[in-house]
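**Student:** sequence? don't have it. structure:
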């Protein structure tokens, strides 16, 4: 590997302020402070299980709702991933992971395709309305995945196959996405150039 796959980004709007650094070839070390505790937990898990070094500081109008802070942080994370991937030369491109957390089971499939698309199914009907930790609604999982997927240029399929506890369901989803992304971003010594018949991703 000749070029570091890193990115440092900031984004400031009237609703939030985000500072983020990542290294795709890290060991999973993280320092996460989004001011949304359960989201910190999810992004810490994402960093650990994708082997991405990640540092995030986010501040937003959480006195109104956590929505803007969660979504805007995911936007910047997606932008940083896209920037750090560069031209995607030598990557494995695809990843697939099945992750349990006690009674919960989630599967994620990732294609670093350059074509943003999210298919997200299987969460229990009441899950989007549930407050996890008293502040993070289950609906934020999908919002975070949508923002990350679109801005990173990923095709992502996430399926919840089983689950009862909302914390376990959300965490299984984030960990599955992380493990699938870990495979997809990995540099494959057998891959020469960009893994696409089009010659670009």
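**Tutor:** That came through, no problem. Since the model is a prediction, treat every value here as computed from it, not as a measurement.

**Student:** CA atoms for contacts and neighbours, from now on please.
**Tutor:** Noted.

**Student:** what's whatever helix or strand residue 9 lives in in contact with?
**Tutor:** Here residue 9, judged by DSSP states H and E, is contained in strand 6-12. By C-alpha atoms under 8 Å, 6 or more residues apart in numbering, the surrounding residues in contact with strand 6-12 are 17-24, 76, 80-81, 83-85.

**Student:** TSV please, covering those residues and showing pLDDT, distance to residue 189 and neighbour count.
**Tutor:** Formatted as TSV, these follow (pLDDT from 0 to 100; distance: C-alpha to C-alpha, whole Å; neighbours: other C-alpha atoms under 10 Å):
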residue	pLDDT	distance to residue 189	neighbour count
17	97	39	18
18	98	35	22
19	98	33	18
20	98	29	20
21	98	26	20
22	98	23	24
23	98	19	23
24	98	17	23
76	98	29	24
80	98	24	25
81	98	21	27
83	98	21	18
84	98	19	21
85	97	16	19
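
**Student:** quick revisit: residues touching the very next helix or strand once past the strand holding residue 9, excluding its own?
**Tutor:** The helix or strand immediately downstream of strand 6-12 is strand 16-23, counting by DSSP H and E. Outside of strand 16-23, the residues that reach it under the criterion C-alpha under 8 Å, 6+ apart are 4-12, 52-61, 68-69, 72-73, 76-77, 80-81, 84.

**Student:** Now do stretch 23-42: distance to the chain's middle.
**Tutor:** Here the centre of mass of C-alpha atoms in stretch 23-42, compared against the chain's by C-alpha atoms, centre = their mean, to the nearest Å, lies 10 Å away.

**Student:** Out of the contacts of strand 16-23, list just those in helices.
**Tutor:** Helix and strand membership here follows DSSP state H; of the contacts of strand 16-23, those in helices are 68-69, 72-73, 76-77, 80-81, 84.

**Student:** At which residues are the strands of the protein located?
**Tutor:** With DSSP state E, the ranges of strands along the chain come out as 6-12, 16-23, 30-33, 53-60, 94-101, 104-111, 117-121, 131-132, 136-137, 155-162.
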